[in-house]
Every structure is written in C-alpha cells, then in structure tokens.
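Q: using only what follows, build the 3D model:
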Amino acid sequence: MPSVNSLHTIRREPQRGGSRKRHYSLRMLVAFEKEIGAEIAREAVALLNALFAVERQAKDVSVAERLELRQKQSVPILAELHRKLLI
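A: Predicted structure coming up:
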C-alpha cells in the first residue's frame, strides 16, 4: 500500500493484490487536494485585488471618507477572505 509523508509525496511499497488500485486512488486524492488549494488561492488573489481597488479609490479622498469607504467596501471583502482561508 502506498503511503504519504508530510510533504504529500507518494512512496511505493511492495505490490500486493489490489495495492496498485489504492496507489492510483491516493494519487488522484492528492491531485484533487492540490486543485482545491489552487482554487482557494485564485479566490484569495481575487479578493486581495478587490481590496487593492478599494484602496486605489480611497487614496484621493479625506480621512473621514476613506474610513467610510473602507467600512462599507473593505470589511465585507476581508470577512469573505477570512472565511475562505479558514475552510
């Protein structure tokens, strides 16, 4: 049966009946896990870009307006980013 070390690399052990099937299933599981991680990373980058867009809008306004803009637009984006990263 293949085993996975802490770096998610697959190590082959001696083949026994059915172990090849388990080996490929584990490989598919690791690939799926990487894809999920990549999707979360893409979503996080999109949310960070949204935060940067808010900051670009806020750079030419007064301090009070900047605070209001950040509270209205940045806080929900940060909450979503927090939720995505904790999943």
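
Q: any regions of the chain where pLDDT drops low?
A: 1-26, 28-29, 32, 87 (pLDDT under 70).

Q: quick one, helices of the chain?
A: Counting by DSSP state H, one finds helices in the chain at the ranges 19-58, 63-69, 75-86.

Q: need the ones you listed in JSON lines with mean neighbour count, can you?
A: The C-beta positions use only the backbone N, C-alpha and C, and glycine is treated the same way. JSON lines is the format used below for those (neighbours: other C-beta atoms under 10 Å):
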{"stretch": "helix 19-58", "mean neighbour count": "13"}
{"stretch": "helix 63-69", "mean neighbour count": "12"}
{"stretch": "helix 75-86", "mean neighbour count": "13"}
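
Q: could you measure from E55 over to E33?
A: Distance, E55 to E33, using C-beta to C-beta, to the nearest Å: 33 Å.

Q: repeat that for V63.
A: 45 Å.

Q: residues contacting A31?
A: By C-beta atoms under 8 Å, 6 or more residues apart in numbering, A31 lies in contact with nothing.

Q: what about it, distance to A38?
A: A31 is 10 Å from A38, by C-beta to C-beta.

Q: do the same with L69
A: When L69 is compared with A38 (using C-beta to C-beta), they lie 32 Å apart.

Q: wait, isn't Q73 in contact with V54?
A: Yes - counting by C-beta atoms under 8 Å, Q73 sits close enough to V54 to count as a contact (4.6 Å).
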